[in-house]
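Enquirer: Provide a 3D model corresponding to the input given below.
(one chain, ligands or ions: 2)
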Amino acid sequence: MPPAAVPAEEPAAAEEEEQQQTKGLPALEGLVVGSYCHDVLLRGGRVVGETLGGAAAFVSNVLDAASPPEASFSVVSKVGSDFAYASAPAPERHPPLLCPAPTTSFHARFSDAVASAHAPDRQLRRVNACDPIYPDDLPDRRFAYGLAVGVAGEVLPETLERMIRLCRAVLVDAQALIRVFDAEGGGSGAAVRHIALEGTPYARLLERVAFLKASSEEAPYIGVEMARRRCCVIVTEGRDGCRLYWDDGEARVAPFTAVQVDPTGAGDSYLAGFAAGLLWGLSATDAALIGNFFGAAAVSQIGVPTFHPKMLQAVKQILEEKPIQRSSPCINGTTFTFQRSDKHDELHTALQEAARLMCEQQQNDTATDNCD
Ligand SMILES: Nc1ncnc2c1ncn2[C@@H]1O[C@H](COP(=O)(O)OP(=O)(O)O)[C@@H](O)[C@H]1O
Ligand SMILES: O=P([O-])([O-])O[C@@H]1[C@@H](O)[C@H](O)[C@@H](O)[C@H](O)[C@@H]1O
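Expert: Ligands and ions are numbered 1, 2, ... in the order given. Prediction:
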């Protein structure tokens, strides 16, 4: 496998020129590409929630909360004039581009059966689709890292290719690459299916991607054994945590306890937490703990979660602590360290304590709601 963030197929001269240009970058600026959307949650045919969704929303929420102070990011996202959440914190801070097409929207149908960690817990239908994000929609400057996080096919292959050119390291959510949308059926929207990554125009770009994240439901479509030879693959396993696979190693990373009320956004929040961990200089396996932590935080609330300041303060304090082994040069350089550090278990224990604060907050919120 080539060093994770080095574009393998770029002509050497162009690559050198781009690397020259990245030298003047603000140290840790990221580029998030993927749209905000409207989510409608249904159970037993009844609407039980209508919320802001889309990976851009969940990812921005976690990056804003957990990135180191010197890091920043831009979001490229599209919505229509019907967008209902322009004043929510994420879109207000990272405004989307306005399009003539309606805002992307999904209906998520949850079954009442108790979901196993690996079974699909929701049936998704895409009801509206906003315009794709084109290469020209991306800012014409260089970034330390990029997150390709489409939910409805908005990250085109040529857009991902441009991200790879602009960013030193690109992290990709498989759902941006392998979702297809079956013909619209009588107003109920298009069913979301998956196709094999190998048969898509994205496959040839994998060698130039640093990390590819898939849920355990998506993993069979990306072909973990094939993909891990080209980039580091992360498979998230719901309440069981996640596994990382790189060319000559793999690791299982333990989860955090959460009371799941809505699984929406767990994968998005995981990926952003993982990226934040890399930004703090952690190895990929240690950063996956931060991913698991924010994945667990996401399932504890309906829609985009609000993090309790005490909990965030605790997490930041843990990440600032000197004794955690830092991998140099991490996301700011050209290679990654994958192995767990000798502080991995300590980091898990400390975060578990912060997760407890999160559960307490949830209990207090429920108590307050019940009093209303
Ligand atoms: N019920 C849960 N309890 C604790 N952590 C969870 C739970 N569900 C998800 N997570 C965390 O969020 C991550 C992503 O969740 P997962 O369900 O695998 O992704 P997706 O939302 O893409 O289907 C998991 O790897 C795990 O760390
Ligand atoms: O739950 P998750 O896989 O992290 O990501 C979700 C997408 O799969 C879904 O299409 C979208 O409507 C949600 O808002 C969220 O972005």
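Enquirer: so which bits of the stretch 1-150 of the chain are right by ligand 2?
Expert: Within the stretch 1-150 of the chain, the positions adjacent to ligand 2 are 37, 39, 53, 54, 55, 58, 106, 124 by C-beta under 6 Å from any ligand atom. Heads up, the C-betas are built off the backbone N, CA and C, glycines and all.
Enquirer: how far does stretch 123-138 stretch from start to finish?
Expert: The first and final residues of stretch 123-138 sit 31 Å from each other (C-alpha to C-alpha, to the nearest Å).
Enquirer: the residues of the stretch 1-150 of the chain next to ligand 2: which two are farthest apart?
Expert: 58 and 124 (15.0 Å; C-beta to C-beta).
Enquirer: OK, contacts around residue 70?
Expert: When contacts are counted by C-beta atoms under 8 Å, 6 or more residues apart in numbering, residue 70 touches 27, 28.
Enquirer: follow-up on the earlier one: who's more crowded, residue 58 and residue 124?
Expert: Neighbours per residue (other C-beta atoms under 10 Å) separate residue 58 from residue 124, with residue 58 holding more: 31 against 22.
Enquirer: secondary structure element for that one?
Expert: helix 55-66 (DSSP states H and E).
Enquirer: packing partners for that helix?
Expert: Applying 3 or more C-beta pairs under 8 Å, 6 or more residues apart in numbering; DSSP states H and E, we find helix 55-66 packed against strand 28-33, strand 71-76, helix 89-93, helix 266-279, helix 284-299, helix 309-320.
Enquirer: wondering if that helix reaches ligand 1 at all.
Expert: No. Residues of helix 55-66 contacting ligand 1 under C-beta under 6 Å from any ligand atom: none, with a closest distance of 9.3 Å.
Enquirer: I'd like the average pLDDT over that helix.
Expert: For helix 55-66, mean pLDDT rounds to 98.
Enquirer: how about that helix as CSV, C-alpha atoms only?
Expert: Written as CSV, here are the backbone C-alpha positions of helix 55-66 (Å, rounded to 0.1, in the frame of the first residue of the first chain):
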residue,chain,number,x,y,z
ALA,A,55,-23.5,13.8,6.8
ALA,A,56,-22.5,17.5,6.5
ALA,A,57,-24.7,18.2,9.5
PHE,A,58,-23.4,15.4,11.7
VAL,A,59,-19.8,15.8,10.6
SER,A,60,-19.7,19.6,11.1
ASN,A,61,-21.3,19.1,14.6
VAL,A,62,-18.5,16.8,15.7
LEU,A,63,-15.6,18.6,14.0
ASP,A,64,-16.8,21.9,15.5
ALA,A,65,-16.9,20.3,18.9
ALA,A,66,-13.8,18.1,18.9
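Enquirer: start the count at 272, not 1, going forward
Expert: In the new numbering, first residue 272, that becomes helix 326-337.
Enquirer: angle of that helix against strand 342-347?
Expert: Going by axes from the mean of the first three to the mean of the last three C-alpha atoms, to 10 degrees, helix 326-337 is angled at 170 degrees with respect to strand 342-347.
Enquirer: got the angle between helix 326-337 and strand 299-304?
Expert: Between helix 326-337 and strand 299-304, the angle comes out at 160 degrees (the same axes, to 10 degrees).
Enquirer: follow-up on the earlier one: most neighbours of all the residues of the stretch 272-421 of the chain next to ligand 2, which one?
Expert: Highest count within those by other C-beta under 10 Å belongs to residue 325, 33 neighbours.
Enquirer: contact partners for that residue?
Expert: 305, 306, 307, 308, 310, 348, 375, 422.
Enquirer: for the residue lying closest to it once chain neighbours are set aside, phi and psi?
Expert: Nearest residue to residue 325, sequence neighbours excluded (C-beta to C-beta, 6 or more residues apart in numbering): residue 308, at 3.8 Å. In this entry, residue 308 is assigned phi and psi values of phi -150, psi 180 (degrees, to the nearest 10).
Enquirer: I figured residue 308 hits residue 378, correct?
Expert: No. Using C-beta atoms under 8 Å as the test, residue 308 is too far from residue 378 to be in contact (11.0 Å).
Enquirer: need the residues touching each of the two.
Expert: Common neighbours of residue 308 and residue 378 (C-beta under 8 Å, 6+ apart) do not exist.
Enquirer: cool, thanks, signing off.
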